[in-house]
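Show me how the following folds:
(one chain, ligands or ions: 1)
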Amino acid sequence: MTGLSIREDLAAIPEYRQGKSASADLSDLETYKISSNENPYTPLPSVQTLIAELAGTVNRYPDSSGAALVGALSEQHGVATENIVLGSGSIEIMSQLIRATAGPGDEVLFAWRSFEAYPMLVRAGGAEPVMVPLDADLCHDLDAMLAAITDRTRLILVCNPNNPTGTTVSAEALERFLEQVPENITVVIDEAYQHFNRQEDAPVGVEIFKRRSNIAVAHTFSKAYGLAGLRVGYAIAPAPLARAMRAVAIPFGVTAFAQAAAVLSLEVEDELQVRVDALIAERERVVEALALAGVSHPETQANFVWLPLGEATPEAATLLEQAGLIVRPFPGEGLRATIAETEANDRLIAFAKSLQRN
Ligand SMILES: *Cc1c(COP(=O)(O)O)cnc(C)c1O
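You can find the predicted model right below:
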């Protein structure tokens, strides 16, 4: 016993498991890491050049207000700069939202299974996670979530499309839900995969933010924009909440590299959209193959597919690993596989065909 004073409630938080890396030890078979929903494309040459140019400036702190990026985002979304908060990835944005609204004795409500970071961030903030099971289609069960609201609920997280199931709620269903949520409770729409959402009746968080007073939207540059390693995300939030988020943010948490690369990415969004479109075409190719093989799975609107393999999950993950694919298994439930390089997708399709034979 060292006798150090450490918050006892933190001992119960499981450590975040990062998606396994592709290992080099599988002889000469190239392995692909399709466990973290990263973008398979390397950064645009213009982004790489910019990062190299900034290398000579790292003796200085970054602009703590992120003025250039905040300005660019304000213009893109048609919202005031005071509504935009930057974070070291949208994971930090979620952490800011939780710590700005909830503490000991408070509840943060979200669907489960959903993004693994949520329960950890809620507990780290000292609040209580309330996890409402997904419905039979592995979508948010918004009625059950409504029923789970108590007078201790401070924040509701809606992950749309949902990680790891890929499902999206409809704009109409979300609207009906929001009508009934008490106005003092903030509803966060985590749109990490928004660029990949092609469902016609899908909600658009920013539009809802503009109509309602208790909505915050979380976006990231890690997925569609392909900047996961730089760590930059942002929220669009009501001004008083945005101020509280800045108060709990890590000072200088967004580096100059991240700010500059994000600004440039917004300028070349057309170029990045071509890549998103290509990934969506690849997603369709994988989904068609799964259908042909008779592998049932929820409809995905993200850059990954969820295979609900239940008890067969660990075995499937091992088979995939032998085929050079590192996926994200959730034993007893299913596995999540990122739509990635063409070769990786081909191997996933071959795996789907092998399931059909069994
Ligand atoms: C990947 C992901 C994020 C974004 O994480 P960053 O910290 O921005 O890299 C946020 N929410 C969900 C649901 C995600 O899957």
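
tell me the contacts of the closest residue in space to Cys139 that isn't next to it in sequence?
Sequence neighbours aside, Thr167 is the residue nearest to Cys139 in space, at 4.4 Å (criterion: CB to CB, 6 or more residues apart in numbering). The C-beta positions use only the backbone N, C-alpha and C, and glycine is treated the same way. Residues in contact with Thr167 (CB atoms under 8 Å, 6 or more residues apart in numbering) are 134, 137-140, 161, 298-301.

same deal with Val108?
By CB under 8 Å, 6+ apart, the neighbours of Val108 are 98, 101-102, 118, 122, 125, 127-130, 153-157.

now Ala289
Per CB under 8 Å, 6+ apart, neighbours of Ala289: 348-349, 352-353.

Assign a three-state SS to it, would you?
helix (DSSP: H, G, I helix; E, B strand; the rest coil).

cool, Tyr234 as well?
Going by three-state DSSP: Tyr234 is strand.

Next one: it from Cys159, what distance?
According to CB to CB, to the nearest Å, Tyr234 and Cys159 sit 17 Å apart.

where's the residue of the stretch 251-358 of the chain found nearest the ligand relative to Ala337, distance?
In the stretch 251-358 of the chain, the residue that lies nearest the ligand is Ala302 (8.1 Å; CB to the nearest ligand atom). Separation of Ala302 from Ala337 (CB to CB) stands at 11 Å.

How about the residues of the stretch 51-200 of the chain by the ligand?
Within the stretch 51-200 of the chain, the positions lying close to the ligand (CB under 6 Å from any ligand atom) are 89-91, 115, 159, 163, 190, 192.

Taking those together, which two end up most distant?
Distances among those were taken as CB to CB; the most separated pair is Gly89 and Cys159, at 15.0 Å.

Output the below-cut-off pLDDT ranges for the protein.
Counting by pLDDT under 70, the chain has low-confidence residues at 1-2, 22-27, 357-358.

Just the closest residue of it to the ligand, please.
Gly89 (2.4 Å).

Am I right that Met216 sits in a strand?
I think there's a mix-up here, since residue 216 is Ala and not Met. Yes: using three-state DSSP, the assignment for Ala216 is a strand.

Can you tell me the closest non-neighbouring residue to it?
Nearest residue to Ala216, sequence neighbours excluded (CB to CB, 6+ apart): Ala237, at 4.0 Å.

coming back round to it: which of the contacts of Ala289 count as buried?
Neighbour counting over the contacts of Ala289 (16 or more other CB atoms under 10 Å) leaves 348-349, 352 as the buried ones.
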